[in-house]
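> quick one, what's the 3D model for this:
(chains A and B)
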Amino acid sequence: MPPAEPIVPPPPDRVARAAGTSARLTRATADPPWARALIIAAALIFLALFLVIPLAAVFVAAFAQGVGVYLAAVTNPEARSAIRLTLMTAAIAVPLNMVFGLAAAWAITRFDFRGKNLLTTLIDLPFAVSPVIAGMLYVLLFGAQGLLGRSLADRNIRIIFAVPGIVLATIFVTLPFVARELIPVMEASGTEEEQAAITLGATGWQTFWRVTLPKVKWGLLYGVIICNARAMGEFGAVSVVSGHIRGLTDTMPLYIEILYNDYDFAAAFAVASLLTSLALVTLLAKRFLGRRITDAPRVAAEGPGVDRRAA
Amino acid sequence: MSLKRRRILPGFGLTMGYTLAYLSLVALIPLSTLALSASGIGWARFWHVVLTPRVIAAFRLTIGTAIAAALINSGFGLLVAWTLARYEFPGKGVADALVDLPFALPTSVAGITLTSLYAANGFVGRWLAPLGIKVAFTPLGIIVALTFIGMPFVVRTVEPVLQDLELEIEEAAATLGATRFQTFRRVIGPAILPALITGFALAFARALGEYGSVVFIAGNLPMRTEVVSLLIMSKLEQFDYAGATAIALVMLVMSFIMLFLINLLQRWSTARHAPG
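Sure, this is the predicted structure:
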């Protein structure tokens, strides 16, 4: 039997080389510096080309003809009426979808029932429908040639090419937002506290207002903010049902299209800059609220929560 | 029975009833209207509308540009996700926040901005024009717009997977003698592939139905730069509801197939991603 190999310590110079010049020491999982530089550069050039430059371009074009033109563009009566209609539409659509989101999230996360997966898929359905088709659904239903067109016309009710159609189309395209954000947050927050509250004699409403709502408020707020961003910015669906009656059925995104097609670029970008500012506020809110949402329930819920935030 | 166990909390009837009623009223009944209207057209008329050269050209353009944009987003989205998950650099927080801009920015704003940037006299277009590259009002412009609106999907599906990937696995690969490239191809690659494909599918599905950002930059020439959603819109403007319905039905079926595939992909992705 050959003698066992003695354990030979590594040659001293190699130890010194490894330990001494620590600058040379890299982790096995670190990429080579040239690869790292190349990847970061490519990623940042891509982001600059598609995000930073367009973002800057909106404001540059908005103020291209001076502050006076900008202010005139966003305060003239047509612009004011577009802003008013956009705010009104969001003020109707967002609360309705918020209540829906709360109800859906409560039903889905607090109870077991058959067809739960089907229901969550159905809630996501409006995301899969092209905005133009979403608007078209309401034209087929309420338009002059639509299924209910004749009976609506008899009662002198206008939905298509009028404000109700705009509101309906906006509700459709923004339907999933609050529910989608709230379901994972409510799932992760668990039901123990609610059960305790019920056991201690609280009513269902008291439990909802005092226990559940405070737990999920940041998730709810986040859902409301992105629902609002889409409600104010929706273009395709609203474009189909609006009829583009200037000063009457033009929301801000539609008004931008009209100005742009009239070659009134400074005014188009001035109105666009308002919506862009809204988008930036939405992104800020996402960053601020995202941190609160992911911190709080993760700690509360033991074990890995399903993170749908990313999708 | 598991049903009884969780029925301690009240409100099932109320919330479930409200959810179903609202969902039906807002989404399901209008959607079934489309099926009803389509059934009134009849098969012969349906195929007559759908198989015209203009409609076929629109579908070919839409699918082609959507695939191209989703591929660009897969490549660069992976780079961006990798950069955000693995590297530290100044301005990282801003870059991270900006990735979601296409979700937050109204599509008409994106449309007019990209058009003015990529027009022959625009900030970006003027550098491309001397090279003979025309972007605005060509299929290339449609790809630019679709790349913009689809960008967050790949980044936001791949990034969390990269973040959760345990470094120990890569260290083990390195210890076993793998080069960094081999580790990426054999260890990291398979782990992120489901998320990457999911991101591709989400970007593609979104691009299929996109309207707002495309309408300005596309030029909208029938047979050449007219995507399906534009074609539906122009049929509607001509009050050709039967034609619009037939095309929309094909589009809707495609979207629902994508939704189904994405659901399958996400299940696959979480199964692969789950520990153990």
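
> excluding chain neighbours, what is closest to the residue positioned nearest the centre of chain B?
Taking Cα atoms, centre = their mean, the centroid of chain B lies closest to residue B:203, which sits 2.3 Å from it. Ranked by Cβ to Cβ, 6 or more residues apart in numbering or on different chains and with sequence neighbours excluded, the top spatial neighbour of residue B:203 is residue B:150, at 3.3 Å. No exception for glycine: its C-beta is placed from N, CA and C like everyone else's.

> ok, residue A:53 touching residue B:116?
No. Counting by Cβ atoms under 8 Å, residue B:116 is not a contact partner of residue A:53; they are 11.1 Å apart.

> what do the two both touch?
Counting by Cβ atoms under 8 Å, 6 or more residues apart in numbering or on different chains, the shared contacts of residue A:53 and residue B:116 are residue B:123.

> let me see the ranges of the helices in the stretch 201-311 of chain A.
Assigned by DSSP state H, counting those that start in this stretch, the stretch 201-311 of chain A shows helices spanning A:204-207, A:213-233, A:236-242, A:252-261, A:265-300.

> among those helices, which gets the worst mean confidence?
Least confident of these, judged by mean pLDDT, is helix A:265-300 with a mean of 82.

> right, is that helix up against chain B?
Yes. Part of helix A:265-300 sits near chain B under the criterion Cβ under 8 Å from any Cβ of the partner chain, namely A:265, A:268-269, A:272, A:275-276, A:278-280, A:282-284, A:286-287.

> identify the residue of the stretch 151-276 of chain B closest to chain A, quick one.
Relative to chain A, the nearest point of the stretch 151-276 of chain B is residue B:209 (2.6 Å; Cβ to the nearest Cβ).

> lowest average confidence, helix or strand, in the chain?
Answering for chain A, as no chain was given. helix A:12-20 (a mean of 46; mean pLDDT, DSSP states H and E).

> any idea which helix or strand comes after that one?
Counting by DSSP states H and E, the next helix or strand C-terminal to helix A:12-20 is helix A:33-47.

> and the next helix or strand past that next one?
Defined by DSSP H and E, the subsequent element after helix A:33-47 is helix A:53-62.

> buried ones among the residues of helix A:265-300 next to chain B?
Those of the residues of helix A:265-300 next to chain B that meet the buried threshold are A:265, A:268-269, A:272, A:275-276, A:278-280, A:282-283, A:286, by 16 or more other Cβ atoms under 10 Å in any protein chain shown.

> show me which positions of stretch A:200-220 end up buried.
A:202, A:204, A:207-208, A:211-212, A:215-216, A:218-220.

> do stretch B:187-207 as well
Buried residues in stretch B:187-207 (16+ other Cβ under 10 Å): B:187-188, B:191-192, B:194-207.

> also stretch B:39-57?
Quick answer for stretch B:39-57 (16+ other Cβ under 10 Å): B:41, B:46, B:49, B:55, B:57.

> got the contact list for residue A:31?
Each residue near residue A:31 by Cβ under 8 Å, 6+ apart is listed here: A:39, B:86, B:180.

> I'd like those residues written out as a markdown table, with distance to residue B:160 added.
Shown next, in a markdown table, are the contacts of residue A:31 (distance: Cβ to Cβ, whole Å):
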| residue | distance to residue B:160 |
| --- | --- |
| A:39 | 18 |
| B:86 | 13 |
| B:180 | 22 |
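
> distance of residue B:188 from residue B:92?
Separation of residue B:188 from residue B:92 (Cβ to Cβ, to the nearest Å) stands at 20 Å.

> about what we covered before: now do the contacts for the spatially closest residue to the residue of the stretch 151-276 of chain B closest to chain A that is not a sequence neighbour.
Among residues not flanking residue B:209 along the chain, residue A:130 sits closest, at 2.6 Å (Cβ to Cβ, 6+ apart). Counting by Cβ under 8 Å, 6+ apart, residue A:130 touches A:236, B:208-211, B:228-229, B:232, B:248, B:251-252, B:255.

> what about residue B:235, how many neighbours?
Neighbours of residue B:235 under the rule other Cβ atoms under 10 Å in any protein chain shown: 21.

> pull up the gap between it and residue B:251, please.
Plainly put, residue B:235 is 12 Å away from residue B:251 if you go by Cβ to Cβ.

> wait, the residue nearest to the centre of chain B touches residue B:155, no?
No. Residue B:203 is beyond contact range of residue B:155, at 10.0 Å (criterion: Cβ under 8 Å).

> low pLDDT regions in chain A?
Applying pLDDT under 70 to chain A picks out residues A:1-28, A:294-311.

> name the residue closest to the centre of it, please.
Closest-to-mean residue, chain A, Cα atoms, centre = their mean: residue A:226 / 3.7 Å.

> mind listing what that one touches?
Contacts of residue A:226 by Cβ under 8 Å, 6+ apart are A:177, A:181, A:282, A:286, B:103-104.

> same deal with residue A:161?
Contacts of residue A:161 (Cβ under 8 Å, 6+ apart): A:241-243, A:245, A:249.

> and stretch A:274-293, how far from the chain's centre?
Distance of stretch A:274-293 from the chain centroid (Cα atoms, centre = their mean, to the nearest Å) equals 9 Å.

> stretch B:199-208 now?
2 Å.

> restrict that stretch to CA atoms and write it as PDB.
C-alpha atoms of stretch B:199-208 as PDB (Å, rounded to 0.1, in the frame of the first residue of the first chain):
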ATOM      1  CA  GLY B 199     -41.000  38.600 -20.800                       C
ATOM      2  CA  PHE B 200     -40.800  38.100 -24.600                       C
ATOM      3  CA  ALA B 201     -44.400  36.800 -24.700                       C
ATOM      4  CA  LEU B 202     -45.700  39.700 -22.600                       C
ATOM      5  CA  ALA B 203     -43.900  42.200 -24.800                       C
ATOM      6  CA  PHE B 204     -45.200  40.500 -27.900                       C
ATOM      7  CA  ALA B 205     -48.800  40.300 -26.700                       C
ATOM      8  CA  ARG B 206     -48.800  44.000 -25.700                       C
ATOM      9  CA  ALA B 207     -47.300  44.900 -29.100                       C
ATOM     10  CA  LEU B 208     -50.000  43.000 -31.000                       C
END
